[in-house]
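1. got a predicted structure plus its sequence, pasted below:
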Amino acid sequence: MSWLDDRERKQLEFLGLSIATADQRRRKATGILLGMTGLLCAYMVGVYFVEQWQVVQTRQQVVRWAEQLTHTTDALEVYDPQGDYLSEQDVWGKPVRVKVELAGKHLLLIVSSDGPDKQSGTKDDITAKARIEPPQP
């Protein structure tokens, strides 16, 4: 089976050296592969949870801005309607957008972030909408 006889193998083992059999090498390689697979899985799970945390943080941010702007007596004092952007950025470093639309007798305030892909108008955009009541005379 082996190119070493028992005497030679014992001499090598005495010196602290050993010759691994094919089966031992296979088991070691399998262990290393399983360990690397485990590390890769842990990394991927970590990346997923970080991205989910970023989405939650940004969702809270746009909802907070929508609520703040609807409860402000003059929403135009809080943001620049020319730029359509707030001074604040989302967790991905992109500006938070604000849009006001006429919806019947009310105004619809839309606060949004481009989301993880950092591109506007895609399915991962994070948006909060709020209705602004007209001022009462």
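-> Structure received. Numbering: from 1, shown residues only.

2. nearest residue to the middle of this structure?
-> In the chain, the centroid-proximal residue (Cα atoms, centre = their mean) is Glu51; its distance is 1.2 Å.

3. tell me the secondary structure at that one.
-> The three-state label given to Glu51 by DSSP: H, G, I helix; E, B strand; the rest coil is helix.

4. do a quick rundown of the helices in this structure.
-> 6-14, 22-71 (DSSP state H).

5. quick check: mean pLDDT across the first one?
-> Looking back up the chat, that one is helix 6-14. The pLDDT scores in helix 6-14 average 72.

6. number of residues surrounding the residue nearest to Gln57 when sequence neighbours are not counted?
-> Nearest non-adjacent residue to Gln57, counting by Cβ to Cβ, 6 or more residues apart in numbering: Val91, 5.3 Å away. C-beta coordinates here come from the backbone N, C-alpha and C atoms, glycine included. By other Cβ atoms under 10 Å, 16 other residues sit near Val91.

7. contacting residues for Val91?
-> With contact set as Cβ atoms under 8 Å, 6 or more residues apart in numbering, Val91 has these partners: 54, 57-58, 61.

8. where are the low-confidence patches of the chain?
-> 1-4, 12, 14-23, 72-83, 134-137 (pLDDT under 70).

9. ok so, going back, count the residues that sit near the spatially closest residue to the residue nearest to the centre of the chain that is not a sequence neighbour.
-> Leaving aside its sequence neighbours, Glu51 sits nearest to Pro116 (Cβ to Cβ, 6+ apart; 5.9 Å). If you count neighbours by other Cβ under 10 Å, Pro116 ends up with 18.

10. if I read this right, Pro116 contacts Val55, doesn't it?
-> Yes - with contact defined as Cβ atoms under 8 Å, Pro116 reaches Val55; the gap is 6.8 Å.

11. which residues touch Thr70?
-> Applying Cβ under 8 Å, 6+ apart to Thr70 gives the contacts 109, 130-132.

12. go through these and name the one nearest Glu13.
-> Checking the contacts of Thr70 against Glu13 with Cβ to Cβ, the nearest one is Ala130 at 76.4 Å.

13. who does that closest one bridge with?
-> Leu109 (DSSP bridges).
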